[in-house]
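**Q** here's my sequence, what's the structure:
(2 chains)
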2 protein chains.
Amino acid sequence: IVCLSMEGGAAASTPAALPYYVAFSQLLGLTLVAMTGAWLGLYRGGIAWESDLQFNAHPLCMVIGLVFLQGDALLVYRVFRNEAKRTTKVLHGLLHVFALVIALVGLVAVFDYHRKKGYTDLYSLHSWCGILVFVLYLVQWLAGFSFFLFPGAPFSLRSRYRPQHIFFGATIFLLSVGTALLGLKEALLFSLGDKYSAFEPEGVLANVLGLLLACFGGAVLYILTRADWKRPSQAEEQALSMDFKTLTEGDSPGSQ
Amino acid sequence: IVCLSMEGGAAASTPAALPYYVAFSQLLGLTLVAMTGAWLGLYRGGIAWESDLQFNAHPLCMVIGLVFLQGDALLVYRVFRNEAKRTTKVLHGLLHVFALVIALVGLVAVFDYHRKKGYTDLYSLHSWCGILVFVLYLVQWLAGFSFFLFPGAPFSLRSRYRPQHIFFGATIFLLSVGTALLGLKEALLFSLGDKYSAFEPEGVLANVLGLLLACFGGAVLYILTRADWKRPSQAEEQALSMDFKTLTEGDSPGSQ
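**A** Numbers count the residues shown, from 1 in each chain, chains lettered A, B, ... in the order given. Alright, predicted model coming up:
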């Protein structure tokens, strides 16, 4: 039944404008990562783990993990709209794992740096938002895994949790972008001081980086929310979900 | 025809949980405004136009106008779901006018303060985001007015612009919240300095205010995007729009 419904799915179709918007979002995302690297390399001495430069691993990891990769993980269902749902799900989960691991490295970098320097932890709004984002992201990943990838959840529970997963996914992504903006602002005000208002090159570069962060967030949100770009609900999905249910009904202690 | 279709609309119905979520969002919004007032009153000497306290009008106006009132304007279509569409539209437009005027006062306050003090304008990421938000908000208001309130736009144009209006409306609101967070962070780092990391009461209060700002943004976004809470498309709407079209087709030079 599964093979039949997979081959018998809706004909492959992609909205005409979607690839251009996706390409634009990827251009924004890659520029963002490159510009973060350029900022840290040109004005902050580069990156190294065993020195004062350890701090610089924090912004780079967070922009790569919690902004670029997290954003791309959300776009997977729009980009791979004609692949088997299962493949897309696994890719979505994998991208989020990469994002989570890279973010964890970024988190360790800043806590380790603070410890070595004797700085206070978690006093600023940026750090409060950051911890909130990280905890929500972890909970969302675990919930998503248990409901959608682990083959035990009943179909009715999946469809009830699905809209919540989508809303919180988008919200956590936007909060990540906002937290990155706060961190950028903090880094600028700490080190530039009065030079910020003299339009120093570093300040202007970082302001442009901040606007790009906001634009990347906006571009991902646009692709994600456009109604006619949603992944079409294919016959395959219902069949697959029902199939999982049938397969696991015997083993799973939750279902009777 | 208009009267008939207005009375013959769908039976009044409100989703059971919606009022609680709206009440929660309003509680958050009012707490936000009160807390901004408390912050400025307790730690920044209060508000006055003809003194150094003129600056303090800026955060208060922006939180009332571009966060609280703008957020509430977006919720109008969910809250007044059984009123005539026309009434709801006018209320939506009016709330946005109030928000715009209050934001303009907040904008004048900060530019006037900078001028008197001889400070540089528009160098920071907060100010760049702020100007972007204000221009987008003004353009969105003018576009919304011309398409939806001014009775000349053809029905086909309205339905094509509608999803764009909704997307940009939500995005501008979220960018407003993000810009407020950046401004709050700026105000804290400028005045608290090293005391911020000592968990001074002002820093903790402002961090809580920042989290409340993010939560208000999240609550409005949730109410706005929940699919089963969308305003039902009533027969009235089509009839009214068609009616406007017919009424104005004779006078409007654009349509032939």
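**Q** can you show me the CA trace of stretch A:69-78 as PDB?
**A** Provided in PDB are the C-alpha atoms of stretch A:69-78 (Å, rounded to 0.1, in the frame of the first residue of the first chain):
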ATOM      1  CA  LEU A  69      20.500  26.500   9.500                       C
ATOM      2  CA  GLN A  70      17.300  26.900  11.600                       C
ATOM      3  CA  GLY A  71      15.800  29.100   8.800                       C
ATOM      4  CA  ASP A  72      16.700  26.500   6.100                       C
ATOM      5  CA  ALA A  73      15.300  23.700   8.200                       C
ATOM      6  CA  LEU A  74      11.900  25.500   8.100                       C
ATOM      7  CA  LEU A  75      12.100  25.900   4.300                       C
ATOM      8  CA  VAL A  76      12.700  22.200   3.700                       C
ATOM      9  CA  TYR A  77       8.900  21.500   3.300                       C
ATOM     10  CA  ARG A  78       8.600  24.200   0.700                       C
END
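**Q** residues from chain A in reach of chain B?
**A** For chain A, the residues in contact with chain B (Cβ under 8 Å from any Cβ of the partner chain) are A:119-120, A:123-126, A:128-129, A:132, A:163, A:167, A:171, A:174-175, A:177-178, A:181-182, A:184-186, A:188-190, A:196-199, A:203, A:206-207, A:210-211, A:214, A:218, A:221-222, A:225-227. Where C-beta positions appear, they are placed from N, C-alpha and C, glycine not excepted.
**Q** at 7 Å instead, please
**A** Within chain A, the residues that sit near chain B (Cβ under 7 Å from any Cβ of the partner chain) are A:120, A:123-125, A:128-129, A:163, A:167, A:171, A:174-175, A:178, A:181-182, A:184-186, A:189, A:196-197, A:199, A:203, A:206-207, A:210-211, A:214, A:218, A:221-222, A:225, A:227.
**Q** looking at chain A, which helix is longest?
**A** Ordering each helix of chain A by length in residues (DSSP state H) puts helix A:155-192 first.
**Q** so where does residue A:91 fall, helix or strand?
**A** Take DSSP states H and E as the rule and residue A:91 turns out to sit in helix A:85-117.
**Q** give the next helix or strand downstream of that helix.
**A** helix A:125-144.
**Q** show me where pLDDT drops low in the stretch 151-256 of chain A?
**A** Applying pLDDT under 70 to the stretch 151-256 of chain A flags the ranges A:234-256.
**Q** hmm, back to that, are any of the residues of chain A next to chain B buried, and which?
**A** Those of these that meet the buried threshold are A:123-125, A:128-129, A:167, A:171, A:174-175, A:178, A:181-182, A:184-186, A:189, A:196, A:203, A:206-207, A:210, A:214, A:218, A:221-222, A:225, by 16 or more other Cβ atoms under 10 Å in any protein chain shown.
**Q** ok so, going back, other SSEs contacting the longest helix of chain A?
**A** helix A:57-62, helix A:70-79, helix A:125-144, helix A:201-225, helix A:235-249, helix B:155-192, helix B:201-225 (3 or more Cβ pairs under 7 Å, 6 or more residues apart in numbering or on different chains; DSSP states H and E).
**Q** which residue packs closest to residue A:105, ignoring adjacent ones?
**A** Nearest residue to residue A:105, sequence neighbours excluded (Cβ to Cβ, 6 or more residues apart in numbering or on different chains): residue A:61, at 5.1 Å.
**Q** and the contacts of stretch A:92-109?
**A** Residues from elsewhere that reach stretch A:92-109 (Cβ atoms under 7 Å, 6 or more residues apart in numbering or on different chains): A:54-55, A:57-58, A:61-62, A:64-66, A:69-70, A:72-73, A:76-77, A:134, A:137, A:141, A:145, A:149.
**Q** mind pulling up the pLDDT for the residue nearest the centre of chain A?
**A** With distances taken as Cα atoms, centre = their mean, the residue of chain A nearest its centroid is residue A:70 (1.3 Å). What the model reports as pLDDT for residue A:70 is 98.
**Q** again, but for the one 10 residues further on
**A** Model confidence at residue A:80, given as pLDDT, is 93.
**Q** that one and chain B, how far apart?
**A** Between residue A:80 and chain B the distance is 23 Å, computed by Cβ to the nearest Cβ, to the nearest Å.
**Q** contacts only, for that residue.
**A** Taking Cβ under 7 Å, 6+ apart as the criterion, residue A:80 is in contact with A:88, A:91.
**Q** mind listing what's buried in stretch A:47-63?
**A** Neighbour-count burial for stretch A:47-63 [16+ other Cβ under 10 Å]: A:47, A:53, A:54, A:55, A:56, A:57, A:58, A:59, A:60, A:61, A:62, A:63.
**Q** what residues does the last one make contact with?
**A** For residue A:63, the residues meeting the contact criterion (Cβ under 7 Å, 6+ apart) are A:32, A:33, A:36, A:180.
**Q** try 8 Å this time
**A** A:32, A:33, A:36, A:180, A:213 (Cβ atoms under 8 Å, 6 or more residues apart in numbering or on different chains).
**Q** of the residues you listed, buried ones?
**A** The buried subset of the contacts of residue A:63 - by 16+ other Cβ under 10 Å - is A:32, A:36, A:180, A:213.
**Q** turn the residues you listed into CSV, including distance to residue A:25.
**A** Shown next, in CSV, are those (distance: Cβ to Cβ, whole Å):
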residue, distance to residue A:25
A:32, 10
A:36, 17
A:180, 16
A:213, 13
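**Q** which among these gets closest to residue B:21?
**A** For the buried ones among the contacts of residue A:63, the residue nearest residue B:21 by Cβ to Cβ is residue A:180; the value is 28.2 Å.
**Q** and residue A:162, how many neighbours?
**A** Neighbour count of residue A:162, defined by other Cβ atoms under 10 Å in any protein chain shown: 13.
**Q** closest one of the contacts of residue A:63 to residue A:15?
**A** residue A:32 (25.0 Å).
**Q** wait, doesn't that closest one sit right on residue A:67?
**A** Yes - counting by Cβ atoms under 8 Å, residue A:32 touches residue A:67, with 6.7 Å between them.
**Q** between those two, what contacts are shared?
**A** Jointly contacting residue A:32 and residue A:67 under the rule Cβ under 8 Å, 6+ apart are A:213, A:216.
**Q** low-confidence ranges, the stretch 1-150 of chain A, go.
**A** Within the stretch 1-150 of chain A, the stretches with pLDDT under 70 are A:1-12.
**Q** ok, the closest residue to residue A:210 other than its chain neighbours - contacts?
**A** In this structure, residue A:210 finds its nearest non-sequential neighbour in residue B:125, 4.3 Å apart by Cβ to Cβ, 6+ apart. Residue B:125 sits next to A:181, A:184, A:185, A:188, A:206, A:207, A:210, A:211, B:182 when contact means Cβ under 8 Å, 6+ apart.
**Q** over to residue A:71?
**A** Residue A:71 makes contact with A:25, A:29, A:173, A:216, A:217, A:220, according to Cβ under 8 Å, 6+ apart.
**Q** nearest to residue B:113, of the residues you listed?
**A** Using Cβ to Cβ, residue A:217 is the member of the contacts of residue A:71 that sits closest to residue B:113, with 30.2 Å.
**Q** setting the sequence-adjacent residues aside, check what's closest to the closest one.
**A** Nearest non-adjacent residue to residue A:217, counting by Cβ to Cβ, 6+ apart: residue A:177, 3.9 Å away.
**Q** with residue A:77 instead?
**A** What sits nearest to residue A:77 in space, not counting adjacent residues and going by Cβ to Cβ, 6+ apart, is residue A:231, at 4.9 Å.
**Q** again, but for residue A:131
**A** Nearest to residue A:131 is residue A:122, by Cβ to Cβ, 6+ apart, at 6.7 Å.
**Q** I appreciate the help and will end here.
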